[in-house]
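> Need coordinates for the below:
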Amino acid sequence: MQEGFPVELISSVLSISLVCLMLYRYLDYKGKLDVVKGLDKIKDTEGLTQEDLDYIKSNEKEYKEKVIKAEQNVKVSQPIFILIAGALILLVDFQEAFIHLNVVVVAYLFMQVDRLHKRNLYGFLNQLKAYKPKEETQEQE
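Numbering: from 1, shown residues only. As a prediction, the model looks like this:
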């Protein structure tokens with residue numbers, strides 16, 4: 001048995017866990033995106049109810065805060081990931097460093113994908129928030 005096996009195992013388990021978490025978040029994002037697309041279709045055909053508009057406004061505000069937080073997390077984590085990668089390359093054998101860099105790369109990708117999903121949902125909700133019911137637009141004319 002190799003001396004570095006447990007560390008490699010931990011590194012692999014962490015990477016697989018992050019990929020599973022990324023898949024779970026993607027499926028969650030997909031569900032929320034389907035709801036927003038459904039609201040967009042309702043907007044075009046029947047018009048949105050006040051309950052729908054309240055849902056859009058509250059989620060738009062929530063996702064605005066989530067986008068800001070995700071952007072800040074990415075800005076802070078990039079130098080940390082670079083530092084970890086550099087330390088691994090300098091302190092560990094090159095071949096072994098690549099095994100452990102897998103976790104850093106997957107974590108970085110996870111943060112980028114999460115930020116992108118939040119930005120997309122915020123953009124869609126922001127577009128829906130600008131919707132004016134047909135009654136309001138007819139009254140203004």
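> who's in contact with the residue nearest the centre of the chain?
With the centre of the chain defined as its mean C-alpha position, the nearest residue by C-alpha atoms, centre = their mean is residue 114, 1.6 Å away. Residues near residue 114 by C-beta atoms under 8 Å, 6 or more residues apart in numbering: 25, 70. Backbone N, C-alpha and C define where each C-beta goes, glycine included.
> so what's it scoring on pLDDT?
On the pLDDT scale, residue 114 is placed at 95.
> Show the backbone phi and psi for it.
phi -60, psi -40 (degrees, to the nearest 10).
> where's the closest residue to residue 115 other than its chain neighbours, which helix or strand?
With C-beta to C-beta, 6 or more residues apart in numbering as the criterion, residue 115 has its nearest non-adjacent residue at 4.2 Å, and that residue is residue 70. Residue 70 is part of helix 50-91, with elements assigned from DSSP states H and E.
> Quick one: list the elements packing against that helix.
The contact analysis (3 or more C-beta pairs under 8 Å, 6 or more residues apart in numbering; DSSP states H and E) places helix 50-91 against helix 5-45, helix 94-129.
> burial count for the residue nearest to residue 115?
Taking other C-beta atoms under 10 Å as the neighbour definition, residue 70 ends up with a count of 20.
> ok, now which ones touch it?
Applying C-beta under 8 Å, 6+ apart, we find residue 70 in contact with 111, 114-115, 118-119.
> can you do 7 Å?
114-115, 118 (C-beta atoms under 7 Å, 6 or more residues apart in numbering).
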